[in-house]
Structures are given as structure tokens and as C-alpha cells.
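Peer 1: Need the 3D shape of this:
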Amino acid sequence: MEKTNEINGHAGNHTECTIPAAEVDQVSNKNWQLTAQEKFANFLKRNLLVILTVSGVLVGVGIGMAVRNMNLTRAQMTYFAFPGEMLLRMLKMIILPLVVCSLISGAASLDTRSLGKLGGIAIAYFLVTTLIASGIAIALAFIIKPGVGAGALNTNSLRLTGTVTNNKETVDSFLDLARNLFPANLVAAAFRSYATDYKTVTTGNATAGNLTYEKIPTGSEIDGMNILGLVLFAIVFGIALRKLGPEGEELIKLFNSFNEATMVLVSWIMWYVPIGIMFLVGSKIVEIEDVVLLITSLGKYIFASILGHLIHGGIVLPLIYFGFTRKNPFSFLSGLITPFTTAFATCSSSATLPSMIKCIEDNNGVDKRISRFILPIGATVNMDGAAIFQCIAAVFIAQLNNVELNAGQIFTILVTATASSVGAAGIPAGGIITIAIILEAIGLPTNDLSLMLAVDWIVDRTTTVVNVEGDALGAGILHHINQKEMKKQQTELETVRVEAVPNIKSEEETSPLVTHQNMGVMPFRKGDLESQESVL
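Peer 2: Residues are numbered from 1 along each chain as shown. I've put the predicted structure just below:
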């Protein structure tokens, strides 16, 4: 018996045949098994790097605990940490071309209106989230009171050798921030930044006994990339290339190609991340002499800091993302496990930037123009996690010295922590010096900062994870807003196109309804097409 059947949209004749039910079940089971195997293979292919990275952390903890019993010398510890050091060097090597090229290409690909709107939303998001983080930190510090009862702590009992010296005035700290925004030498800004130093000048007559000593600020250069200056220059330079029009297109293409080549290098480096993370975590466990004494002495401070990070990163930031996008924030974050693990191991927002850009584009589908413009800025100025531990540290040191903070000092901590977190270096222990600015602003001694250094290797890990999470969710929010605007513009264009047709045929038809009905029947004349193009 023959019958006509539709196959792939085409009509054809075939003869019906009967297949036994047992054979059909065998074929379907075989196909189901193949599908399950393919799904598992695809899952491993997509998440192999994530699995290896998480395994690297776990294996690193095990190796570190095992090697601790071997009583390695300082030289042997250095050799043991060498693979982890190589990972940090690779990531730092790629930061400069990645930040500069991605910001230039990102700023040049966005029109001035979109750039101003997205930039304004991003700055507002960064400031509001950092203020919320600072408020949560101060509330937790007054509830948990980590410094109460810890007055007997000192650096000798914890065998701490590191010291933190900072005699910089608060005003000079913020002036240095403004100076670094405009580096005098762009080449030098790639490896050096400006910092105020002081020299003492004597005035008066020594014989008359009226000598006075005056501390005068002087400029100096310190090691470390001036990332703020490079970010500002790259954004302005990208806008300038956009303004050039056709003359700047070739240079924009050059930076776009440079950016894509940099991302290829990032994808290669990512496969070394599991090995590097394993030795980074293991070497850090080996270096700490007495973990138990450290945690029992400063346990309340560690608990308050990590709890603040959990509240802000697990509740506040996802709620903000959901409020803007009405999407599940945790499904968005699930595609970023690799950069979060990298942040946990390296304690560096800047070192996490390459993997964050790659994963947020490949796994979450964020527009390249958004991610490569916002994420480098966020890695520089958005430090929610740093603001949390800085505020808790300031209140901790006040309680340690039995100082009652008044409302004015609490407000000063909020504002100073929010402002100074912008200038915090995206490197391990970069926020410790920033705490000194807060302490100077409220008149507290900086002698106890070495206690912060003792536990910074623990707290800094969750700090960095919250920092990069805030950047990622901010990029997701901006991507959603940008997609919404694009759909709105597309709807407006479709409305204009529909309204243009009755205007073209108004001489022949008196009713728009008749015109719309005839659209599918009557062909357009050449003049009609030209008129429609001119309207659009």
C-alpha cells in the first residue's frame, strides 16, 4: 500500500512496512543509551576545566597537610611554591594587554550615548553595592564584637614578624588617587605608580633655640602597575577613536584583533590553572606555623569577616541581580565556578580577570562589548569584599584598644571605606594598607595592623571571591539592560515600518485597513521601496 508523506518539507511516495515491536524497543533503547553517553561526554567536555580546578584546590589542601609534617626549610618551601608562582606570573603578564585592549575596543564599539548610560549605571551600581557592604560589615562588627576580650593579643604571642608602616596623611592618600588617574608617563604607569612620601625640614635659628621641624610631602614612585591611570586612558582613547569615524576604524580593528589574540592566550593559560592552584594552596598551608593558635585567637574576627562576605555575596548581590533581571542569579553564577576558584586560590581580582572575561562570555553569553568594558573597570574600582573586611577590621581595632566609636566616626568609616576601596590594589593583601587610611581618618593607632596580616591569607580569599562576584553580576545586569534597550529600539523600528506603508499608498487607498490587507497581495513598486527606505 502506498501513500504520500511529507519528509523534510518535500512530498514523496513510499511503501508502508511493518517493524516488529521488539526491534523498535531495541533500537529506541540503543539510541537512548547513546544519547546518555553523549550527554555525559558533553558534560565532561564543557565542565572539565571546572572539575580539574576544584580538584586542584582539594588536592592542594591534602598535599599541604602532608608536606607540613616534613619540616621543610625556607628554601625548600620556595621550591615547593614554584609552580604556583608561575601561574601568578602568567596571569599578571596578561593583565596589561587585556585591560588596555579590551577597554579601548569596548569603548570604541559603543556609541557615546550608550557608553554614558552604561557607565553611569555601572558607577552607581559599584557605589551602592560598596556602601551596602560597608553597612553590613559595621552592623556585624557591633553585633559580634570581635575585638572585645582580645586585648591580650600581641604580635609576640602569635610570632608575627610582618609590620605595616603607614605615616601617610588621609588627604595625601586621596590626592594620590587623583594623581594616579592622570599618569605623567604611560609607559612607566605599566609598572610604577605615584605615592606621597615625606621629608622633614628644619626652620628657625638653632642658636636662639627656636628650631621647628616641618613635614613636607614629596612625590615618589613605587613598584606596582598604575591600573587606574591605564583604565582612564584606555576609555578616553577608545572614545576618541570612535569620534574619528572612518579614520579610526583601522586602529579599532587592530585593538580588536589584539584583544582576541589575548583571549586565545588566556584560554591556553587556563589549562595550567589547576596545577598552579594546587601548589598555591598547598604552599600557603605549609607556610603557616600555628594555624590553631591563630584561629582561636582571632576566630571572632575571621568569623565576622567571612559571615559578612556570605551575606553580601550569597543574599544581597543575588537579590540586586534578580531585582533588575527577574532571572535566577545562581544559574548565572554557576557558569563562573572557574574564575571563582581562581579568585579563591590567587587572592587577586586582577589575576582573575582573564578567566572571568572568558567564562562570562562563553558560558553566560554576555555581550563582549559589555564584558570587556565593565569587567576591567570593576576589577579596579569595585571592591565590595574589601570594604567588608576593612570596616570590620577598623571596628575590631577600635574594640581592641577599648575605644568607643561615635556616630561621626562610624559615618567616617563608611565613607572612607567606600572611597578608599576604589584605590585598593587588586593584588594579595592589597587592602591592608587601605585599612591604615581608615584608621588615620578616625584617629586610631595603626600598630595592630600586623594582626590583620596574620589572618589575611584566610579572609582575603573570600574577599576576592565577593569582589569578582560583584563585577560579574554587574556585567550581567548591564547586559540585561542593554538587551532590553535593543529590543525596544527594534520594536520602534518595526512600528515605523508598519506605519510607512499606509503613507505610501495613501493616494490610492482611503482606509489603512484596506492597505494592510492588500500588502500581501499587491507587489511593491520601485518607488514604494525607495520611499520605505527613506523613511527608515
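Peer 1: distance of residue 225 from residue 86?
Peer 2: 19 Å (CB to CB, to the nearest Å). Quick note: C-beta positions are derived from backbone N, CA and C, even for glycine.
Peer 1: So for those two, which residue has more residues nearby?
Peer 2: Neighbours per residue, other CB atoms under 10 Å: of residue 225 and residue 86, the larger number sits with residue 225, 20 against 14.
Peer 1: contacting residues for the more buried one?
Peer 2: 95-96, 189-193 (CB atoms under 8 Å, 6 or more residues apart in numbering).
Peer 1: Just the buried residues of those.
Peer 2: Buried members of those, scored by 16 or more other CB atoms under 10 Å, are 95-96, 189-190, 192-193.
Peer 1: Now, those residues that are in strands?
Peer 2: Within those, membership in strands is found for 192-193, as judged by DSSP state E.
Peer 1: For residue 255, what is the enclosing helix or strand?
Peer 2: helix 249-270 (DSSP states H and E).
Peer 1: Residues contacting that helix, please?
Peer 2: 49, 90-91, 94, 97-98, 101-102, 104-105, 108-109, 238, 241-242, 338, 354-355, 357-358, 372.
Peer 1: Buried members of the residues you listed into PyMOL, please.
Peer 2: Filtering the contacts of helix 249-270 down to the buried ones (16+ other CB under 10 Å) takes a single PyMOL command:
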select buried, resi 49+90+91+94+98+101+102+104+105+108+109+238+241+242+338+354+355+357+358+372
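Peer 1: How about the contacts made by residue 355?
Peer 2: Residue 355 makes contact with 266, 270, 273, 338-339, 342, according to CB under 8 Å, 6+ apart.
Peer 1: What backbone torsions are found at it?
Peer 2: Torsion angles at residue 355 (phi, psi; degrees, to the nearest 10) stand at phi -70, psi -30.
Peer 1: same deal with the one 10 residues further on?
Peer 2: When quoted as degrees, to the nearest 10, the phi and psi of residue 365 stand at phi 70, psi 30.
Peer 1: Relative to residue 50, how far out is it?
Peer 2: For residue 365 relative to residue 50 (CB to CB), the value is 17 Å.
Peer 1: Of those two, give the one with the bigger neighbour count.
Peer 2: Legend: neighbour count by other CB under 10 Å for residue 365 and residue 50, higher for residue 50 (19 against 12).
Peer 1: quick one, helices of the stretch 251-400 of the chain?
Peer 2: 273-287, 291-297, 299-311, 317-325, 329-334, 337-346, 349-362, 368-381, 384-400 (DSSP state H, counting those that start in this stretch).
Peer 1: Tell me which of these sits most buried.
Peer 2: helix 384-400 (a mean of 29; mean count of other CB atoms under 10 Å).
Peer 1: next structured bit after it?
Peer 2: Assigned by DSSP H and E, the successor of helix 384-400 is helix 407-420.
Peer 1: What helices and strands are in contact with that next one?
Peer 2: Secondary-structure packing of helix 407-420 (3 or more CB pairs under 8 Å, 6 or more residues apart in numbering; DSSP states H and E): helix 112-144, helix 170-181, helix 384-400, helix 432-442.
Peer 1: tell me the angle the longest helix seen in the chain makes with helix 349-362.
Peer 2: Ranked by number of residues, the top helix in the chain under DSSP state H is helix 449-504. Per axes from the mean of the first three to the mean of the last three CA atoms, to 10 degrees, the angle that helix 449-504 makes with helix 349-362 is 30 degrees.
Peer 1: and helix 449-504, what's its mean pLDDT?
Peer 2: For helix 449-504, mean pLDDT rounds to 81.
Peer 1: and it, how far out from the chain's middle?
Peer 2: 12 Å (CA atoms, centre = their mean, to the nearest Å).
Peer 1: I'd like to know which of the helices of the stretch 251-400 of the chain is closest to residue 215.
Peer 2: With CB to CB, the closest approach to residue 215 among those belongs to helix 384-400: 24.2 Å.
Peer 1: Can you read off the backbone torsions of residue 402?
Peer 2: According to degrees, to the nearest 10, residue 402 has phi 60, psi 40.
Peer 1: hmm, back to that, which of the buried ones among the contacts of residue 225 lies closest to residue 311?
Peer 2: So of the buried ones among the contacts of residue 225, ranked by how close each gets to residue 311 (CB to CB), first place is residue 95, at 30.1 Å.
Peer 1: Would you mind measuring from the closest residue to the closest one other than its chain neighbours to residue 321?
Peer 2: Closest residue in space to residue 95, ignoring its immediate chain neighbours: residue 350 at 5.3 Å, by CB to CB, 6 or more residues apart in numbering. The gap separating residue 350 from residue 321 is 23 Å, by CB to CB.
Peer 1: Grab the two from the buried ones among the contacts of residue 225 that are most spread out in space.
Peer 2: Largest pairwise distance in these, by CB to CB, is 14.9 Å, between 95 and 192.
Peer 1: Check the offset of stretch 406-418 from the chain's centre.
Peer 2: Using CA atoms, centre = their mean, the offset of stretch 406-418 from its chain centre is 25 Å.
Peer 1: What of stretch 52-65?
Peer 2: On the basis of CA atoms, centre = their mean, stretch 52-65 sits 24 Å off its chain's mean C-alpha point.
Peer 1: May I have that stretch as PDB, with CA atoms only?
Peer 2: The C-alpha coordinates for stretch 52-65 follow below in PDB (Å, rounded to 0.1, in the frame of the first residue of the first chain):
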ATOM      1  CA  LEU A  52      40.100  20.000  37.400                       C
ATOM      2  CA  THR A  53      40.200  23.400  39.100                       C
ATOM      3  CA  VAL A  54      38.100  22.300  42.100                       C
ATOM      4  CA  SER A  55      40.100  19.100  42.300                       C
ATOM      5  CA  GLY A  56      43.300  21.100  42.300                       C
ATOM      6  CA  VAL A  57      42.100  23.000  45.400                       C
ATOM      7  CA  LEU A  58      41.200  19.800  47.200                       C
ATOM      8  CA  VAL A  59      44.400  18.000  46.200                       C
ATOM      9  CA  GLY A  60      46.400  21.100  47.200                       C
ATOM     10  CA  VAL A  61      44.900  21.000  50.700                       C
ATOM     11  CA  GLY A  62      45.800  17.400  51.100                       C
ATOM     12  CA  ILE A  63      49.400  17.900  49.800                       C
ATOM     13  CA  GLY A  64      49.900  20.900  52.100                       C
ATOM     14  CA  MET A  65      48.700  19.000  55.200                       C
END
